[in-house]
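In: with the sequence up front, the predicted model follows.
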Amino acid sequence: MPAWRSWLSKWRERGTRGTGEKEKRRRGGNGEIAKGSAGEVRSLLWVANEIGYLEKLVYEKLRNASMELSAWLSNQIKALKVVVK
């Protein structure tokens, strides 16, 4: 398991303390926020690539990792929401 997955799991749990289990699942935990942040990272990576701060290979690797992260988060959010119904 990549390190970011275990970190996100801990972050998601910490951000929903004090909230009922059903409410956590309805909202998708903090997954929606994390998914938005992954999108912001992709935007910043694009800018860094355009101004020549990143090499193309590094940009592509980081972009692909953020896309993988977004897909994983989408699946987690869907899974949490399905359990509630």
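Out: Perfect, I can see it now.
In: what about the helices in this structure?
Out: Ranges of helices in the chain, per DSSP state H, are 3-15, 21-27, 31-50, 56-84.
In: and the average pLDDT for the longest one is what?
Out: Yep, that's helix 56-84 we're talking about. The average pLDDT for helix 56-84 rounds to 86.
In: before we move on, what about the shortest one?
Out: Per-residue confidence for helix 21-27 averages out to 59 on the pLDDT scale.
In: and for the first one?
Out: Per-residue pLDDT over helix 3-15 has a mean of 56.
In: just use 26 as the starting number from now, easier for me
Out: Understood, numbering begins at 26; the last thing we discussed is helix 28-40.
In: state the pLDDT value of residue 63.
Out: pLDDT recorded at residue 63 is 86.
In: was I right about it contacting residue 93?
Out: No: the criterion here is C-beta atoms under 8 Å, and residue 63 misses it with residue 93 at 9.4 Å. Backbone N, C-alpha and C define where each C-beta goes, glycine included.
In: of those two, which one has the most company?
Out: The residue with more neighbours, out of residue 63 and residue 93, is residue 63; 20 against 14, by other C-beta atoms under 10 Å.
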